[in-house]
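A predicted structure for the sequence below; I have some questions about it.
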Amino acid sequence: MATDPIRGLASDDTREAAANALVALGAEAVEPLVRELADGDSPVGPRQIREVLQRIGSGALEGLWQGFRSAPAEASRSRLGYAFSSFGPVALDHYRTALASNEPFIRAAAVEGVRGCDEAGRTALPSALPLLADPDPEIARKAQFLLVHHGQEVVPLLQDVRRRGPGRLRARALTVLADIGGEAALSAADVAAVERLIRIRLRDDRPTGIWACWNHWIAVPSGDQAGVMAALGLTDPRPATFKLAHEVIDSDGHCHDDSAYSRVFVTPELDGWTLVLGAWCSPCHEERSADVLRLCTELSARYGQAQAYYWGGQGDGSAWLVAERGAVVRRYCESGEADDELLTLGEPLAFEREHRTKVGLRPEWDPAQESEEDEDTWTHEAYEMAPDIARALGVSPLALEPAIGPDTPSRGTGVIALTPYAAAHGVPPGAYGI
């Protein structure tokens with residue numbers, strides 16, 4: 001082991017012996033360890049020092065707290081704060097004190113510390129509540145995440161803020177309540193206030209592109225919003241701005257259970273089309289592909305045509321489904337999944353054939369004549385094709401689509417509506433911009 005056991009923590013060969021020696025020294029090792037931790041140029045990683053301090057236990061906490069409060073440089077504060085906020089429940093009293101500090105860096109570390117205490121940190125939540133209105137936006141955000149982390153436990157506390165104040169906390173308290181429990185966590189007065197704000201914002205609302213990480217939509221060449229919703233079995237429509245719709249659809253797309261399919265956005269009439277957006281509209285995902293095929297076929301029998309699309313905004317592929325007069329014309333998917341080819345129905349669209357010619361491929365492809373290079377070329381092209389097909393055949397809702405914008409002919413009001421999944425799986429909670 002190195003002569004200096006603290007520097008011995010920097011080497012894999014000597015780390016264990018050095019740590020044991022420092023723990024054996026106990027309180028005597030705390031001051032030099034804290035000093036080393038504050039040194040931004042130290043070869044010893046903060047994690048190694050933090051672990052030794054934690055092994056020394058509560059006896060190390062006071063020295064770390066003193067060093068953290070007096071640290072002059074940002075690098076030192078960062079390293080010391082990392083250790084301080086990782087001490088767990090033994091440090092709860094220090095965290096409560098730190099939450100009321102005049103120094104933003106101390107308050108920030110304290111919030112992280114309380115969050116790391118998990119259930120034990122519940123007792124410190126009343127002390128963290130004032131930080132929802134912290135003048136430092138990052139600390140206010142951390143406090144919000146802390147309260148959301150504790151979920152239903154803090155709902156009564158936040159509801160009391162909404163009723164009684166203080167006023168500076170009421171807005172952020174509403175956001176946290178919505179994040180935790182959605183509309184169910186809000187009072188009737190708060191729900192009414194949100195609905196009133198939506199009505200006000202709708203006065204100046206204009207069509208804007210809606211782009212999410214994973215985009216799914218159904219397109220119907222009609223302005224019959226009510227008829228489209230009835231045909232799809234959608235219920236409980238609530239007026240929504242395009243901003244609200246964008247945030248809801250993108251958030252729901254990140255859900256990892258069937259609640260992702262519980263709601264959709266139904267646009268006003270856009271240049272003669274009604275669009276329905278949300279994961280529930282996917283023409284290619286195993287959970288939804290058969291039902292979307294049926295729904296589009298039925299819609300096309302009523303409105304002449306219906307389309308469904310998937311496009312992964314992070315390079316996750318494309319899928320398209322076109323139905324006309326009650327029959328499927330085409331379904332195709334390129335998403336990198338092994339079963340993509342099993343979804344293929346119908347003959348290639350004119351757009352597909354033209355695009356193949358444009359990139360140097362045969363317009364009509366035969367697997368027996370396709371080289372591996374040809375297949376790779378087509379896969380690459382098809383991955384990004386859904387937005388182009390949507391634009392060629394009608395209207396695309398994506399943000400990169402210039403046809404959707406403030407000057408797009410529009411009639412009516414967009415709504416967030418519930419799908420049949422909502423009754424069984426509920427609606428994901430969340431706070432969204434309006």
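Good, I have the coordinates.

residue ranges with poor pLDDT in this structure?
1-3, 366-368, 399-403, 405 (pLDDT under 70).

centroid residue for it?
Centrality entry for the chain: nearest residue to the mean C-alpha point is S251, 4.9 Å, by CA atoms, centre = their mean.

element containing Y310, please.
Y310 belongs to strand 305-312 when assigned by DSSP states H and E.

one step back: in space, what's closest to the residue nearest to the centre of the chain - neighbours in sequence excluded?
Excluding its sequence neighbours, the residue lying closest to S251 (CB to CB, 6 or more residues apart in numbering) is G430, at 5.1 Å. Quick note: C-beta positions are derived from backbone N, CA and C, even for glycine.

returning to that earlier point: what lies in contact with the strand holding Y310?
213-221, 281-285, 292, 295-297, 299-300, 317-325, 333, 335, 384, 386-387, 389-390, 393-394, 396, 398 (CB atoms under 8 Å, 6 or more residues apart in numbering).

Quick one: buried ones out of those residues?
Of the members of the contacts of strand 305-312, the ones counted as buried by neighbours, 16 or more other CB atoms under 10 Å, are 214-221, 281-285, 292, 295-297, 299-300, 317-324, 333, 335, 386-387, 389-390, 393-394, 396, 398.

can you tell me which of those residues are in helices?
V292, L295, C296, T297, L299, S300, A386, P387, I389, A390, L393 (DSSP state H).

roughly how far apart are the closest residue to the fifth one other than its chain neighbours and V322?
Spelled out, that is L299. Excluding the flanking residues, the one nearest L299 by CB to CB, 6+ apart is A306, at 3.7 Å. Per CB to CB, to the nearest Å, A306 is found 8 Å from V322.

thinking again about what came up before, next, count neighbours for the residue nearest to L299.
27 (other CB atoms under 10 Å).

quick one: it from T297, how far?
Distance, A306 to T297, by CB to CB: 8 Å.

okay, and the common contacts of those two?
A323.

who are the neighbours in contact with the residue nearest to S251?
By CB under 8 Å, 6+ apart, the contact list for G430 reads A178, D179, G182, E247, V248, S251.

Check G113 too.
F84, S85, S86, F87, A91, H94, Y95, A98.

Apply 10 Å and report the result again.
Listed by CB atoms under 10 Å, 6 or more residues apart in numbering, the contact set of G113 reads 81, 84-89, 91-92, 94-96, 98-99, 121, 124, 146.

swap in L37?
Applying CB under 10 Å, 6+ apart, the residues contacting L37 are 6, 44-46, 48-50, 52-53, 64, 67-68, 71, 76, 79-80, 82-84.

From those, which land in helices?
Judged by DSSP H, the subset of the contacts of L37 located in helices is 6, 46, 48-50, 52-53, 64, 67-68, 76, 79-80, 82-84.

Kindly give a single PyMOL line that selects the buried subset of those residues.
To isolate the buried ones among the ones in helices among the contacts of L37 in PyMOL, judged by 16+ other CB under 10 Å, type:
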select buried, resi 6+46+48+49+50+52+53+64+67+68+76+79+80+82+83+84
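
ok, the ones in helices among the contacts of L37 vs E364, which is closest?
Y82 (61.7 Å; CB to CB).

Once you drop chain neighbours, what's closest to that closest one?
P46 (5.3 Å).

what's the spacing between that neighbour and S76?
11 Å.

Mind listing the shared neighbours of the two?
Counting by CB under 10 Å, 6+ apart, the residues touching both P46 and S76 are L37, G40.

Would you state the helices of the stretch 51-200 of the chain in chain order?
For the stretch 51-200 of the chain, applying DSSP state H, counting those that start in this stretch gives helices covering 58-70, 74-84, 92-99, 104-116, 125-128, 137-149, 155-164, 167-181, 188-202.
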